[in-house]
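1. Sharing a sequence plus its predicted fold:
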Amino acid sequence: MKIDVATLFPEAFDGLKVGIIAKALQKELFSLSLHNIRDYSADKHRRCDDYPFGGGAGMLMTPQPLRDCIRAVDPDRKSLRIYMSPKGAPLTQSKVERLARCESLLIVCGAYEGIDQRIIDSEIDEELSIGDYVLTGGELAAMVVINAVARYIPGVLGSEQSTEEESFSDGLLEYPQYTRPAIFEGAAVPEVLLSGNHAEIAKWRREKQLEITRRLRPDLLDNEGEDGKR
């Protein structure tokens, strides 16, 4: 997979230079290219913002640098172009899996009060949000998308089971997990997990998924049905 990011702040993506994502990039399991929108500004001061028509607080990203950056990076419009926006569709596990099946993504990061609507209309395929709140820019949101999507690229996690048995993979939250020692500060691991009975372990895990989801995210059960199935 190829991922391009258009941003005013490429340095913000240093957070991807550690851990599993950094190792995946080193192994070239996917590629990540950062493109500074300022490099495409026709303004002699590399300015990329201006006051919004009609008034209002703050500044808005101007269309020319964005248009030129997007078209230079994706001249044949082969990438799925995503604009990170608080008014976009919520990022869900099913959307993550869909994005992971794309050959290439171009993620556009806004700043200030956002970007000129004409760029959204002409250059963007979909708007995406990571939650009902507003950030100072789209960089953190873009990193969330990259991290979530990269986990579904073969070889990144080392085990396909890691994505098959986690929260939201089947519409429910994940079951509790334990490791050694079997007793820690007086708290013991549930006996069923030590029994070796895989059928009972699977049953226990399913019951715990439902219990935890019912307690912490009952809305998921409302959406999926009591058994977590669509």
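-> Ah, there it is. Numbering: from 1, shown residues only.

2. My understanding was that S129 contacts A89; is that so?
-> Yes. Assessed by CB atoms under 8 Å, S129 is found in contact with A89 at 6.7 Å. All C-beta atoms are positioned from the backbone trio N, CA, C, and that covers glycine.

3. So which of these two has more stuff around it?
-> S129 (18 against 11; other CB atoms under 10 Å).

4. Distance-wise, check the residue nearest to the spatial centre of the chain relative to V96.
-> In the chain, the centroid-proximal residue (CA atoms, centre = their mean) is V145; its distance is 1.8 Å. Counting by CB to CB, to the nearest Å, the gap from V145 to V96 is 8 Å.

5. what's the answer for T136, then?
-> From T136 over to V96 the distance is 24 Å, taken as CB to CB.

6. who's more crowded, the two?
-> V96 (19 against 9).

7. helices or strands next to the helix or strand hosting the more buried one in the packing?
-> In this assignment (DSSP states H and E), V96 forms part of helix 93-100. Applying 3 or more CB pairs under 8 Å, 6 or more residues apart in numbering; DSSP states H and E, one finds that helix 93-100 contacts strand 80-90, helix 139-150.

8. So which of those has the densest surroundings on average?
-> Highest mean neighbour count of those: helix 139-150, a mean of 21 (counted as mean count of other CB atoms under 10 Å).

9. Show me how far that one is from its chain's centre.
-> Distance of helix 139-150 from the chain centroid (CA atoms, centre = their mean, to the nearest Å) equals 4 Å.

10. Output that helix in PDB with nothing but the alpha carbons.
-> Output in PDB follows, covering the C-alpha atoms of helix 139-150 (Å, rounded to 0.1, in the frame of the first residue of the first chain):
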ATOM      1  CA  GLU A 139      -2.200  15.700  11.500                       C
ATOM      2  CA  LEU A 140      -3.100  13.800  14.600                       C
ATOM      3  CA  ALA A 141      -6.300  12.500  13.000                       C
ATOM      4  CA  ALA A 142      -4.300  11.400   9.900                       C
ATOM      5  CA  MET A 143      -1.800   9.500  12.100                       C
ATOM      6  CA  VAL A 144      -4.700   7.700  13.800                       C
ATOM      7  CA  VAL A 145      -6.000   6.600  10.300                       C
ATOM      8  CA  ILE A 146      -2.500   5.500   9.200                       C
ATOM      9  CA  ASN A 147      -1.900   3.600  12.400                       C
ATOM     10  CA  ALA A 148      -5.300   1.800  12.200                       C
ATOM     11  CA  VAL A 149      -5.100   1.000   8.500                       C
ATOM     12  CA  ALA A 150      -1.500  -0.200   8.700                       C
END
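
11. Many thanks, have a good one.
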